[in-house]
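Novice: attaching a predicted model along with its sequence, questions to come.
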Amino acid sequence: MNRFFILDFLLPVCCEFCGRYDFFSSKIGICKSCHREQATLPIDRQSLCKICKEPLTNGECAFCFSRNVFFEELKFLHDRTPFLAKAINSIKLRSA
């Protein structure tokens, strides 16, 4: 018997976004409907810093403007949306 079965039964892991409980939320912390709704949201590339890819607040990046940055541009294999960031952090914290 899985040792986490009793914990899952007594303290179910709900969705980080809406609070619902389903099979997927018990495994990764996100329910199936939130994943369908939020995983495909487009990213506005104009509102990101050209160097570090952080969201811009007033036209210039506070991170890159406040220090010497020794790289020209960050490249990512997959865009990190706020939804994806919360999902990754949820999985990382649960496995620690």
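Specialist: Cool, got the structure. Every value quoted in this text rests on a predicted model; they were computed, and no experiment measured them.

Novice: mind checking which helix or strand the most centrally placed residue in the chain is in?
Specialist: Nearest to the mean C-alpha position of the chain, by C-alpha atoms, centre = their mean, lies residue 85 at 1.6 Å. Using DSSP states H and E, residue 85 maps to helix 82-95.

Novice: what residues of that helix count as buried?
Specialist: 83, 87, 90 (16 or more other C-beta atoms under 10 Å). Every residue, glycine included, has its C-beta placed from N, CA and C.

Novice: residues contacting the second one?
Specialist: When the contact criterion is C-beta atoms under 8 Å, 6 or more residues apart in numbering, the partners of residue 87 are 16, 28-30.

Novice: run the last query once more with 7 Å
Specialist: The contact partners of residue 87, by C-beta atoms under 7 Å, 6 or more residues apart in numbering, come to 28, 30.

Novice: which residues are in contact with stretch 26-33?
Specialist: 8, 12-13, 15-18, 20, 22, 24-25, 87, 90-91, 94.

Novice: alright, calling it a day.
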